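> Build me a model:
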Amino acid sequence: MVKGVLSSDASILDGLTEDSLTKLVKQVCARQPQPPEDAAVQNLINALLPVLKERNSGEGVSVAPTSAAAPSAGSKSTPTPAKPVDRPAASAGTVATTAAPAATASPKASAETDKTVQKLQDIRVKLLRLSSRLGQGPRNTVVAQVLYRLELAEHLKAGKGGGVRPGDASAQASAAGGRDRANALAIEQEAAGTPELDFTCTILILGKSGVGKSCTINSIFGEALSPVDSFSTKTTEVREIKGTVYGIPVRIIDTPGLIPCASESRHNAQIMAQTRRFLKKRQPDIVLYFDRLDMPARDYGDLPLLRIVTETFGQAVWFNAIVVLTHASTAPPDGQNGQPISYEMYVAQRSHVVQQMIRQAAGDMRLMNPVSLAENHPACRTTRTGDRVLPNGQIWKPQLLLLCFASKILTEANALLNLQENKAGRSFSQKPKQPPLPFLLSSLLQARAPRKIVQDEYEEEEAAFAAAEAEQAEQELPPPAKQVAIPAPDPALPPSFDGDNPSYRFRFLESANQWMVRPIVEAHGWDHEAGIDGFSVDKGFVMKKNIPTNVSGQLTKDKKDMQIVFEAEGSARHSPSMVTTSGIDIQTVGRQMAYTARAETRIKNAPINKTCAGLSASSVGGSLAYGAKIEDRFKPRPGMKLVLSGGVITSKGEKAYGGNVEGTYRRIGDDEAETARTTVGASFMNWKGENALGANLTSQFPIEEKTSLTARANINSRGAGQLTLRATSNDRLQLAAASLVPVIFAILGRCGREF
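This next block holds a predicted model:
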């Protein structure tokens, strides 16, 4: 003990009295592997007392700011002159520590720096007090890493403000002295029990069902606070469990287990939604993701579960997450050579697999979540105090709690130094994603015709038919022959209803309740498939005798994605020249649901002009977006129409502007039927300072009596475009000839490459 070095910096004595120094020396000596005799301890105290009196007799003390970064090879260290300042009176539980301000620093900046340094010192003391309660010392790997990161963060903060430079020798010496002072102060406060440790930790539990989450909770608190069962799931709802562990208040938010099965995706989504609602009032500090060490997942089978968690809470859920592998006393399996692999190697392999899946789910390959082991079996080897010991000799409970507490300590330090781009206190349950404003604006600018009552449409048809009859009467033409509807016979059903004869699948009956339910058939599906990708529902009815309303929906699903589109709208006519249409739209946008409420009013200004104005409100992923539009329709002559529209939509301070112009020309034949149609359109959109322009052309015209040609072309400001030609014919010979066109082009292309 006499030959040992207590500290290389005499500043460890700052703020100590004779009694506190005596108590500190006795505690340090008692912790030695071979405690010295009382006479040697008293001699050490007598040697330190003059030094203490000498340091406390001065009117000022100069202490350089702490720095954690060790000088790199070849770096030059420039000492910063220290300016004496008045040292405040030291009291129990405080350390008089002032930073040496830079030459150009103002008194106000120096005071803020001193305050920040003192708060960081309090955080160090808090960490060391927590580690001492868990039976861990400053040399513990986790504690040492956190202390180093705190010193490094303080150095980075000082570097931003023009403080200590890298490699400063005085700063390095002060860093070591700061750690020693923090350790001494932590020992003193723990021995005295004052001040009370102001620290609580809230932990969120996530993981698969049956991996041992509830058993781990009971092991942490040392009592059965969460029900467990070996054959069924006992946790059916999100709940909070409170308790005290090693004198530290701990809150654990227990959640039902997730089921790694594709058919249980709805169950998992409901659990995540329930958890998200619960976290709006109770924000967790740490997230523990549970998995089993003895049940490795093959081919990343748990990746869908991790993606559900990421989609619910965002990527930030994994920033303060710790992986817990239960059943850690299981013997490792045999390796590829038939020999058992070591326990450390097996733990490293399983940890790598889980960490890699988390990186893929979060979309950030830089994540490195710490891994902790746990074992809750009653037959597990224990210490004399009853703590369970893993095969590698580690007591898992203090280590797991130390990881949780250290993660929260780092979060507090980052919030204090403002080193994170995200604001302190932001919850990972709040999604910062921006809603798709261009998509919502395009939907808002879409032209929609008002709904009409079926009787009104019938009356219009009757009026047109009456006008045609009157014209025929004037021309004294014979009346047209009456057409008689003859029902077609039912098609012959195949004798077998297996997958090779799916024709019976496409038969459905039209009921009289006006609900139209139709299958959505994929024309280009694989052989021996049903060919049904989804179904659509449509119904029109009249509300309050004068408001025509229509409800329609469509659901399509394949092996990966599911798309939902729902629309309900109605039109109320205020006068012959004014009508209001309002509706609700629900549709899938990526992996989120978009809910939109819209309303627009159309006014007929003149026989050839109509003006429309509308508003909308949308909710996507918890974010709200509001929009407005104006539209004008102009018909200069029969068969010609010009539509102009513009709008804006805003959300979270960002705005998107857009506009459309579209002209349509229809050629009407002698029989009042449309024979050709040409549409020319252009659009623009401005979002985040970027402009997007586009133009399109669609033309449909007949080539022969039974053949028509449709041409489509579009181009945008990025230089991308598309040209499509489609020929439609009722003559089978022409259809067969059209099928030869791609074959001929393929032959010519191959011949051109060969020659």
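
> So for P479, what's the pLDDT?
Per-residue confidence for P479 comes out at a pLDDT of 59.

> Now do the helices in the chain.
Counting by DSSP state H, the chain has helices at residues 18-30, 38-57, 107-133, 141-160, 169-192, 213-221, 265-278, 303-313, 343-362, 396-417, 437-445, 454-475, 732-738, 740-754.

> what does the model give S372 for pLDDT?
Looking at S372 specifically, the model assigns a pLDDT of 94.

> Near the residue nearest to it when sequence neighbours are not counted, how many other residues are there?
Of all residues not flanking S372 in the chain, L400 sits nearest, at 4.5 Å (C-beta to C-beta, 6 or more residues apart in numbering). Placement of C-beta: from N, CA and C, glycine included. Taking other C-beta atoms under 10 Å as the criterion, the count of residues near L400 is 22.

> next one: the one 5 residues further on
Using other C-beta under 10 Å, F405 is surrounded by 26 other residues.

> From R591, how far out is it?
In this structure, F405 and R591 are 35 Å apart, going by C-beta to C-beta, to the nearest Å.

> Repeat that for L416.
Summarising the geometry, the distance separating L416 from R591, computed by C-beta to C-beta, is 36 Å.

> correct me, but the residue nearest to S372 touches V324?
Yes: using C-beta atoms under 8 Å, L400 and V324 qualify as a contacting pair, with a distance of 6.8 Å.

> Could you tell me which residues touch both of the two?
Among the neighbours of L400, those also in contact with V324 (C-beta atoms under 8 Å, 6 or more residues apart in numbering) are S372, A374.

> hang on, the earlier thing: in terms of neighbours, single out the busier of L416 and R591.
Comparing L416 with R591 by other C-beta under 10 Å, the one with more neighbours is L416, at 18 against 11.

> Quick check: the closest residue in space to that one that isn't next to it in sequence vs L150, distance?
Nearest residue to L416, sequence neighbours excluded (C-beta to C-beta, 6+ apart): K119, at 5.7 Å. Between K119 and L150 the computed distance is 11 Å (C-beta to C-beta).

> between these two, which one's more packed in?
Counted by other C-beta under 10 Å, K119 and L150 do not tie: L150 has more neighbours, with 27 against 13.

> how many neighbours does the nearest residue in space to the more buried one that is not next to it in sequence have?
Leaving aside its sequence neighbours, L150 sits nearest to A413 (C-beta to C-beta, 6+ apart; 5.5 Å). Summarising burial for A413: neighbours were counted as other C-beta under 10 Å, giving 21.

> For A413, give me its contacts.
A413 makes contact with L120, I123, R149, L150, A153, according to C-beta under 8 Å, 6+ apart.

> circling back to that earlier point, can you flag the weakest of the helices of the chain by average pLDDT?
Summarising mean pLDDT across the helices of the chain, the least confident stretch is helix 454-475, with a mean of 60.

> My read is that R448 contacts S582, right?
No: taking contact to mean C-beta under 8 Å, the distance of 10.7 Å between R448 and S582 leaves them out of contact.

> what's the neighbour count on Q722?
Close neighbours of Q722, defined as other C-beta under 10 Å, add up to 10.

> so where's the stretch 601-750 of the chain shaky on pLDDT?
Low-confidence segments of the stretch 601-750 of the chain (pLDDT under 70): 671-672, 732, 734-736.

> ok, the closest residue to E412 other than its chain neighbours - how many residues close by?
The shortest distance from E412 to any non-neighbouring residue, by C-beta to C-beta, 6+ apart, is to I123 (6.2 Å). I123 is flanked by 19 other residues according to other C-beta under 10 Å.

> what residues are up against I123?
Listed by C-beta under 8 Å, 6+ apart, the contact set of I123 reads L150, I409, E412, A413, L416.

> Looking at those residues, spot the one nearest A191.
Of all those, the one sitting nearest A191 is I409; the distance, using C-beta to C-beta, is 21.5 Å.

> my guess is that closest one contacts R129, does it?
No: in this structure, I409 sits apart from R129 without contact. The criterion is C-beta under 8 Å, and the distance is 10.9 Å.

> measure I395 to T580 for me?
From I395 over to T580 (counting by C-beta to C-beta), the distance is 71 Å.

> you'd agree V589 is up against F439?
Yes: because the distance of 6.4 Å satisfies C-beta under 8 Å, V589 is recorded as touching F439.

> Just give me the neighbour total for K559.
So K559, with other C-beta under 10 Å, has 5 neighbours.

> could you measure it against F535, distance?
For K559, the distance to F535 (C-beta to C-beta) stands at 17 Å.

> How about R276?
When distance is defined by C-beta to C-beta, R276 is 31 Å away from F535.

> Which one of the helices of the chain lies nearest to L615?
Comparing the helices of the chain by their distance to L615 (C-beta to C-beta), the top pick is helix 437-445, with 8.9 Å.

> Give me the contacts around the closest one.
Around helix 437-445, the neighbours that count as contacts under C-beta under 8 Å, 6+ apart are 585, 589, 594, 596, 598, 614, 616, 618, 620, 625, 627, 629, 631, 645-651, 654-660, 685, 687, 692.

> switch the cut-off to 7 Å
Contacts of helix 437-445 from elsewhere in the structure, counted by C-beta atoms under 7 Å, 6 or more residues apart in numbering, are 589, 596, 616, 618, 625, 627, 629, 645, 647, 649, 651, 654, 656, 658, 660, 685, 687.

> quick one: the strands in the stretch 501-650 of the chain?
Assigned by DSSP state E, counting those that start in this stretch, the strands in the stretch 501-650 of the chain fall at 516-521, 532-543, 547-557, 562-575, 578-589, 592-606, 609-620, 623-634, 640-651.

> and the shortest one, what other elements does it pack with?
In terms of contacts (3 or more C-beta pairs under 7 Å, 6 or more residues apart in numbering; DSSP states H and E), strand 516-521 is packed against strand 532-543.

> Does the strand it packs on pack against any helices or strands, and if so which?
Helices and strands touching strand 532-543, as assessed by 3+ C-beta pairs under 7 Å, 6+ apart, comprise strand 516-521, strand 547-557.

> Comparing those strands, which yields the minimum mean pLDDT?
strand 516-521 (a mean of 83).

> Sheet partners, orientation included, of it?
Listed by DSSP bridges, the sheet partners of strand 516-521 and their directions read strand 532-543 (antiparallel).

> dump the residue contacts of the residue nearest to L197 when sequence neighbours are not counted.
Leaving aside its chain neighbours, L197 sits nearest to R129 (5.6 Å; criterion: C-beta to C-beta, 6+ apart). Listed by C-beta under 7 Å, 6+ apart, the contact partners of R129 are A186, Q189, E190, L197.

> How about T330?
When contacts are counted by C-beta under 7 Å, 6+ apart, T330 touches L293, D294.

> give me phi/psi at it?
T330 adopts backbone torsions of phi -70, psi 140, taken as degrees, to the nearest 10.

> Roughly how far does it sit from A374?
If you measure T330 against A374 using C-beta to C-beta, the figure is 12 Å.

> L444 now?
When distances are taken as C-beta to C-beta, L444 and A374 turn out to be 52 Å apart.

> Local confidence estimate at the nearest residue to R388 once chain neighbours are set aside?
Ranked by C-beta to C-beta, 6+ apart and with sequence neighbours excluded, the top spatial neighbour of R388 is C380, at 4.5 Å. We have a pLDDT of 91 for C380.

> can you list the residues that contact stretch 601-612?
Judged by C-beta under 7 Å, 6+ apart, the contacts made with stretch 601-612 from elsewhere in the structure are 450, 577-580, 600, 613, 631-636.

> Report the buried members of those residues.
With neighbours counted by 16 or more other C-beta atoms under 10 Å, these contain buried members at P450, V579, T580, E600, E631, R633, F634, K635.

> now those residues in a markdown table, with distance to Q270?
Supplementary listing: the buried ones among the contacts of stretch 601-612 in a markdown table, determined by distance: C-beta to C-beta, whole Å:
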| residue | distance to Q270 |
| --- | --- |
| P450 | 39 |
| V579 | 41 |
| T580 | 38 |
| E600 | 36 |
| E631 | 41 |
| R633 | 46 |
| F634 | 51 |
| K635 | 52 |
